Structure formats: C-alpha cells, structure tokens
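1. What follows is a predicted structure for the sequence shown.
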Amino acid sequence: MIVTLTVISILLIIAVVAAAASYYEYHGFGLQAGVFRNAQSTTDRLAALTFDDGPSRAYTPAILDILAAKNVKATFFLTGEMAAEHSDIARRIVDEGHEVGNHTYSHVNMIFLKAQALTDEIDRGHKAVLDATGVEPVLFRPPRGLFNDTVRQVLLTRGYRIILWSVSAADWSLLSAPVIAWRVRHYVRPGAVILFHDGGALVNNAGGNRDKTVAVLPGLIDYLLAQGYTLVTAGELADRD
C-alpha cells in the first residue's frame, strides 16, 4: 500500500511539473547550451508558430488550411508514431512549405528513460519523420519541454537543435478560447516562439480536443500581422539569434 501511494505521489508530481512546463517558459535542469526559446537578440517583429504532438487527422488539416489561407509558415514537431500513422498529412505539412521537427516516437517523458530507451525514442522518431515526410529533421522539442543534461547531450551529439518556447497558448488546458487568445496577445514579444498543439492529449498520445486551437488561430494570426509581426519558422528564428 505504501509503495502504491509513493508511486501515485511521484506520478502526480510529474504531472504537475509537466503541466507547469507546458504553461510557462520552462528552463529545464542543468546546462542550457544548444537550447533555443526565443530570439532575444532581435528587435525585429518576428515570431514563430509551433505545433506539437501531431499530425492528427482531426485537427492538422484544418490548421494547415488556416495557415495556407493566411499565407504564413509554421513549425510542426511530430511524434514518430503519429507521423507513421498519418503519413499523408505529415507529407502535406512539408509539401506546403512548413518545417518539421522530431518530438520523439511515442511522446514519452525523456528525463526518466534509461540510455538505450532514450536513444531509441530519438532515433525511431527521427526515422519515422524522415520516412513520412522525406525530410531529415534537425530540430527537436522534448515532450512537455522536459529535459535534463543527459537528454541535452544526447540530442546535441546527434546534431539536433533543441527548440522550446517563450509563449505557451496553453491550448491543451481547460482555458476558454478567448483566454487562450489573450495569453498569446499578452505575452508575445519580438523573437517569440509560440507553443500550440495539433494533436496529443494531457495523458495519452492522441485524442485531445484541439477545437480551441483551430478556433483562435485565424484571429491570432490576423492580430500578429496587424501588429507588424512577420511569422517565420522556428528554424529561421533560431538562425537569427
């Protein structure tokens, strides 16, 4: 009974940390070299829209339609499992000029993995994204933004640039669509990387409701453009820093 309660307590702590990491700008544990959150050195009104946990058949096509209608590009951090399952949508992402990155194979919390499991998640995710899109991913976002120095070192050794965020839309949460939109408008700054989700779920790897993301995206893009922002990919923004 004590062991069960301990395990439950640990899982609750992990859930709270993961939720906080996805709500705020998360700084991880240990050294930060090779980790990009925003282009601090730029005063240009640039920002990057990023989408995690897809592709999903329910939401990614609608998001792509919006981006096409607004003529803006974004970055999609794909889980290998979903890229393999929805390879046609993954291919559409790159065919329409968007950027793709690796988000592990199964959206696992990386800081608790043993060495072999850690490299397997990275490498299987990499291969699945490459197979689905024909593009070799060079950007990586740890699920829920959780990483430590071991994860960082493994990713850098494999030539990845680690991309986090500076603005979380918190579109995975119970916040209403107007509050999600307010968060982005309130916290965006020149050089911002904005976190959205086009797939995933709070606990599982799929099945989350992203209707609010689809609902707020057109108006937010219009707002950012009206404020003089140019929307670029995360890779382009990182190259400016």
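-> Everything's here; your move.

2. pLDDT averaged over stretch 45-65, what's the number?
-> Across stretch 45-65, pLDDT averages out at 98.

3. And that stretch, what's buried?
-> Buried residues in stretch 45-65, defined by neighbour count with 16 or more other CB atoms under 10 Å: 45-56, 58-64. For glycine as for every other residue, the C-beta is placed from the backbone atoms N, C-alpha and C.

4. Please apply the same query to stretch 194-213.
-> Neighbour-count burial for stretch 194-213 [16+ other CB under 10 Å]: 194-200, 205-206, 208, 210, 212-213.

5. repeat for stretch 114-131
-> Using 16+ other CB under 10 Å as the test for burial, stretch 114-131 gives 118, 120-122, 124-130.

6. Now do it: distance to the chain's middle.
-> Between the centre of stretch 114-131 and the centre of its chain there are 17 Å (CA atoms, centre = their mean, to the nearest Å).

7. try stretch 96-116
-> 10 Å.

8. And that stretch, end to end?
-> With CA to CA, to the nearest Å as the measure, stretch 96-116 spans 35 Å from end to end.

9. mean confidence for that stretch?
-> pLDDT averaged over stretch 96-116 gives 96.

10. what is the rounded mean pLDDT of stretch 192-206?
-> The model assigns stretch 192-206 a mean pLDDT of 84.

11. begin at 20 from here
-> Sounds good: first residue 20 from here, last item stretch 211-225.

12. could you dump it to CSV, C-alpha only?
-> Extracted in CSV, the C-alpha atoms of stretch 211-225 (Å, rounded to 0.1, in the frame of the first residue of the first chain):
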residue,chain,number,x,y,z
ALA,A,211,8.8,34.8,-29.6
VAL,A,212,8.3,31.1,-30.2
ILE,A,213,4.6,30.3,-29.6
LEU,A,214,3.5,26.9,-28.5
PHE,A,215,0.3,25.3,-29.8
HIS,A,216,-0.8,21.7,-30.2
ASP,A,217,-2.4,20.0,-33.2
GLY,A,218,-2.6,16.6,-31.6
GLY,A,219,-1.8,14.6,-28.4
ALA,A,220,-3.7,14.7,-25.1
LEU,A,221,-2.9,15.6,-21.5
VAL,A,222,-2.2,12.0,-20.6
ASN,A,223,-2.4,9.9,-23.8
ASN,A,224,-0.6,10.4,-27.1
ALA,A,225,-3.8,11.2,-29.0
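
13. Can you give me the buried ones in stretch 100-119?
-> Judged by neighbour count (16+ other CB under 10 Å), stretch 100-119 contains these buried residues: 100-106, 108-113, 117-119.
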